[in-house]
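Visitor: Next come a sequence and a model predicted from it.
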Amino acid sequence: MRAGGWLLGLLQGDPEAWFVEARSSDALEEEAISALLQERESARRGGNFQEADRIRDELADRGIAIEDGPEGSRWRRGR
């Protein structure tokens, strides 16, 4: 299996390093999502619904669903 993976360019890196990198990438992505949600909330409060919709659509294109409720907006992955 390793030989086949090597031929395909797979299974060559350190698995621990891969998981650490994946976790840090997720954390950075969550920070970016939170920043966009704050911008969207600010636009909504200011009555700039066109900008709020643009941000919502941008997040949807990234696979992020926004749920607006009485206690604010929440997000989850998925379409």
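Guide: Nice, I can see it.
Visitor: where do the strands sit along the protein?
Guide: For the chain, the strands defined by DSSP state E cover 64-69, 72-77.
Visitor: Out of those, which gets the lowest mean score?
Guide: Of all those, mean pLDDT reaches its minimum on strand 72-77 (a mean of 88).
Visitor: what angle separates that one from strand 64-69?
Guide: Here strand 72-77 runs at an angle of 150 degrees relative to strand 64-69 (axes from the mean of the first three to the mean of the last three CA atoms, to 10 degrees).
Visitor: which helices and strands does strand 72-77 pack with?
Guide: The contact analysis (3 or more CB pairs under 8 Å, 6 or more residues apart in numbering; DSSP states H and E) places strand 72-77 against helix 15-45, strand 64-69. To be clear about C-beta, it is placed using only N, CA and C from the backbone, and glycine gets the same treatment.
Visitor: per-stretch mean pLDDT over the ones you listed, give me the minimum one.
Guide: Across the helices and strands packed on strand 72-77, helix 15-45 has the smallest mean pLDDT, namely a mean of 77.
Visitor: before we move on, back to that, Serialize the strands of the chain to JSON lines and add fields for distance to Gln38 and mean neighbour count.
Guide: Shown next, in JSON lines, are the strands of the chain (distance: least, CB to CB, whole Å; neighbours: other CB atoms under 10 Å):
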{"stretch": "strand 64-69", "distance to Gln38": "12", "mean neighbour count": "13"}
{"stretch": "strand 72-77", "distance to Gln38": "10", "mean neighbour count": "12"}
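Visitor: what would these look like in TSV with distance to Leu36?
Guide: Compiled in TSV, the strands of the chain are given as follows (distance: least, CB to CB, whole Å):
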stretch	distance to Leu36
strand 64-69	9
strand 72-77	9
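Visitor: so which of these gets nearest Ile55?
Guide: Nearest of the strands of the chain to Ile55, taken as CB to CB: strand 64-69 at 8.9 Å.
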